[in-house]
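Undergrad: take a look and give me a structure for this.
(chains A and B)
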2 protein chains.
Amino acid sequence: MAGNNHNGTPVYKRIQNAIRKRIEAGPANIWRYAPLLPVPADVAEKPNINPGWTKLVKADNLARALGVTPGKLFVKDDSGNPTHSFKDRVVAQAIEAARAFDFTTLSCSSTGNLAGAVGAAAARAGFRSCVFIPHDLEQGKIVMAAVYGGELVGIEGNYDDVNRFCSELIGDPAGEGWGFVNVNLRPYYAEGSKTLAYEICEQLGWQLPDQLVVPIASGSQLTKIDKGLQELIKLGLVEDKPYKIFGAQAEGCSPVSTAFKAGHDVVRPQKPNTIAKSLAIGNPADGPYVLDIVNRTGGSIEDVTDEEAVAGIRLLARTEGIFTETAGGVTVSVTKKLAEQGRFKPDEIVVIAITGNGLKTQEAVVGKLGETFGIQPNLASLEAALKTEKLLAGVAMG
Amino acid sequence: MAGNNHNGTPVYKRIQNAIRKRIEAGPANIWRYAPLLPVPADVAEKPNINPGWTKLVKADNLARALGVTPGKLFVKDDSGNPTHSFKDRVVAQAIEAARAFDFTTLSCSSTGNLAGAVGAAAARAGFRSCVFIPHDLEQGKIVMAAVYGGELVGIEGNYDDVNRFCSELIGDPAGEGWGFVNVNLRPYYAEGSKTLAYEICEQLGWQLPDQLVVPIASGSQLTKIDKGLQELIKLGLVEDKPYKIFGAQAEGCSPVSTAFKAGHDVVRPQKPNTIAKSLAIGNPADGPYVLDIVNRTGGSIEDVTDEEAVAGIRLLARTEGIFTETAGGVTVSVTKKLAEQGRFKPDEIVVIAITGNGLKTQEAVVGKLGETFGIQPNLASLEAALKTEKLLAGVAMG
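TA: Predicted structure coming up:
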């Protein structure tokens, strides 16, 4: 009998096996975990974009590049979601809450990924949508927010200004009937991030990862991943053992990393200045909870420069064929830093959460990928280029 | 006993059920069909990007917009693949052939999507890569081709020029040891498109679709989808019944559509001029086979303008929350045209193949999505905007 539950007894083992089998027989999306989420039992029948069950990729090439034991490093690639970020997971919960509250318009403050997720989910589920973003986002995120046909409002200010404005709007008659997924629907919304933890454990063969690296924006995702792991332990679906959660921030917006390094338990707001705009939350609501969890589990928090973020994007692409956005570049480079600091135990599993797609932040890498060579469509032109350029230098030529 | 096989006998029914069960228990990617593909039995153990098992979305909102019976229209959304197009399916086959032939460099001629798929797959599988593209592709496709670290060569010419050049290179010592996935590895490569047909049938509950709309570039995909359906019929995994395959082209590159409408059985090359660059193959290798299949099944081929392609992108996004590239916009708008022509039988299933992601062809929709409104982060600014602009006109305000 482990701890204060009955997980060790034979009858519980049988029940736990039955639950695991039932989950495994469920749909290839987050609704396989519907009983653990704040959604109605018939959620899978309703029109929604059905995110989740994204790939957990064994990343041996990246492991070798980072000095982590090959076979032990995994990338949870959430760019496989319908709008190519983890935000589809949280919006899917909020949509169900919005139905229950009879909201007619779905809204949010967003650094970009959330705006696209809300627009797409609202379109399919039959809600109107109106999303608020900082005016200076990347083109890919603006296009994705606008293409689904909802209203898009650019706010002259940063994310924290946008967020404050949305809170104000909720108290105003103008916001009547509006569900702001990450404000007045936040308690439902946030639960969606637990599915990342569920999937990682199930995909590892129903076991806890030993070490997890998660980017920090508001901090909500990291805290809910921890909650998801704790739930699986309590249900006996995974064996209880220690795990460490590590946080990743961009140096240009590192309020939680700064607090962690200084040993503080409160987070002092910063004015963001980083290309990792989806992490550019200067006043992260869940910062103190993140500090608690990282300290409790024995993890740590690091930050990297914008240059290192771009290097992280390139490294993941060149080793595993996965093209992530700036936030993912931050996470990869923080993982590199943690490995160099000797933070990971060899032969223990490391999972890194890659939460968005590189096509949305193309600007970050354009001009940094080496030259593209232009030639005429004939062999003479190729041969001339070979003489004068380093074209194909790295490739075996006859 | 149906036709010249034994599919109707009880023992065959049991065998067929066992095969279906075995496939269903397989991995959530194309390797669930490995025995039907030109790959080694242990393919799933090797490093590759494991494409496939993308969503088949019941598209009731789109059905209503197109005048198709709701409940009967499905979108096969192949933007869920690792590099967000169906090309991952075909490259995954070519990689295995390249291993078998001891090629060290993976190459291709590409209109963009293939370059990204080759780059990513090569990176993960440990091949060098060198891809050849027309010099004027969309930024998203160039970035995706370059980010994985392979060589990228822009050819001054269109896709047909690039393709001709690659054929020339294969005969030259410079091409020694190179596997061009869509030239000298093409017989293996092309088989990957069969998996689209397998998945559609399995996802429909092991039945044939009645009507399929597929975009035509080289024509290979359409012919291999037909081959895949025929294989499932021969194996008795689906019940044999008539189905129709329809083809979609852009008006600015419509050699197959033109031949179909004129009743020709040969295809006269065209010089492409369309924003749907991934369909801009003026001299499609499989054109005559496409004509055969469309005529044999009783389908037809249509083409739409660039403007209609953009309208198709917007329509799919606004109805189903799926953001597709220009080729997908062509397919949606051709489906609209076919529905208006009364080509679809009511109450019969229509599946449309959406083969790529809108983030790669953002240029096509930027500036065509309605204005984004900029305001200050306060209610007064919002209210002022409400008075002077049509901002939020479509949204219920208090």
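
Undergrad: closest point of the stretch 201-350 of chain A to chain B, which residue?
TA: Of all residues in the stretch 201-350 of chain A, residue A:321 sits closest to chain B, at 3.2 Å by C-beta to the nearest C-beta. C-beta coordinates here come from the backbone N, C-alpha and C atoms, glycine included.

Undergrad: same check, this time on the stretch 1-150 of chain A
TA: residue A:120 (3.2 Å).

Undergrad: what about that residue, which helix or strand?
TA: Following DSSP states H and E, one finds residue A:120 within helix A:113-125.

Undergrad: identify the residues contacting the helix or strand just after that helix?
TA: Per DSSP H and E, the first helix or strand lying C-terminal to helix A:113-125 is strand A:128-134. Applying C-beta atoms under 8 Å, 6 or more residues apart in numbering or on different chains, the contact partners of strand A:128-134 are A:104-112, A:114-115, A:118-119, A:122-123, A:141-142, A:145, A:148, A:150-155, A:157-159, A:161-162, A:165-166, A:178, A:277, B:392, B:394-396.

Undergrad: tell me which element the closest residue to residue A:222 other than its chain neighbours is part of?
TA: Leaving aside its chain neighbours, residue A:222 sits nearest to residue A:214 (4.6 Å; criterion: C-beta to C-beta, 6 or more residues apart in numbering or on different chains). Residue A:214 belongs to strand A:211-215 when elements are defined using DSSP H and E.

Undergrad: give me the helices and strands touching that strand, please.
TA: helix A:220-234, strand A:244-250, helix A:326-340, strand A:350-354 (3 or more C-beta pairs under 8 Å, 6 or more residues apart in numbering or on different chains; DSSP states H and E).

Undergrad: tell me which residue is most central in chain A.
TA: Closest residue to the average C-alpha location of chain A: residue A:355 at 2.8 Å, with C-alpha atoms, centre = their mean.

Undergrad: can you give me the strands in chain A?
TA: A:56-58, A:73-77, A:105-109, A:128-134, A:151-155, A:178-180, A:211-215, A:244-250, A:301-304, A:350-354, A:373-375 (DSSP state E).

Undergrad: possible to save those strands as a markdown table with mean neighbour count?
TA: Formatted as a markdown table, the strands of chain A follow (neighbours: other C-beta atoms under 10 Å in any protein chain shown):
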| stretch | mean neighbour count |
| --- | --- |
| strand A:56-58 | 19 |
| strand A:73-77 | 25 |
| strand A:105-109 | 28 |
| strand A:128-134 | 25 |
| strand A:151-155 | 23 |
| strand A:178-180 | 28 |
| strand A:211-215 | 27 |
| strand A:244-250 | 28 |
| strand A:301-304 | 26 |
| strand A:350-354 | 27 |
| strand A:373-375 | 18 |
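
Undergrad: want to throw these into JSON lines with mean pLDDT?
TA: Listed next are the strands of chain A as JSON lines, based on pLDDT from 0 to 100:
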{"stretch": "strand A:56-58", "mean pLDDT": "97"}
{"stretch": "strand A:73-77", "mean pLDDT": "98"}
{"stretch": "strand A:105-109", "mean pLDDT": "95"}
{"stretch": "strand A:128-134", "mean pLDDT": "92"}
{"stretch": "strand A:151-155", "mean pLDDT": "90"}
{"stretch": "strand A:178-180", "mean pLDDT": "95"}
{"stretch": "strand A:211-215", "mean pLDDT": "98"}
{"stretch": "strand A:244-250", "mean pLDDT": "98"}
{"stretch": "strand A:301-304", "mean pLDDT": "98"}
{"stretch": "strand A:350-354", "mean pLDDT": "98"}
{"stretch": "strand A:373-375", "mean pLDDT": "81"}
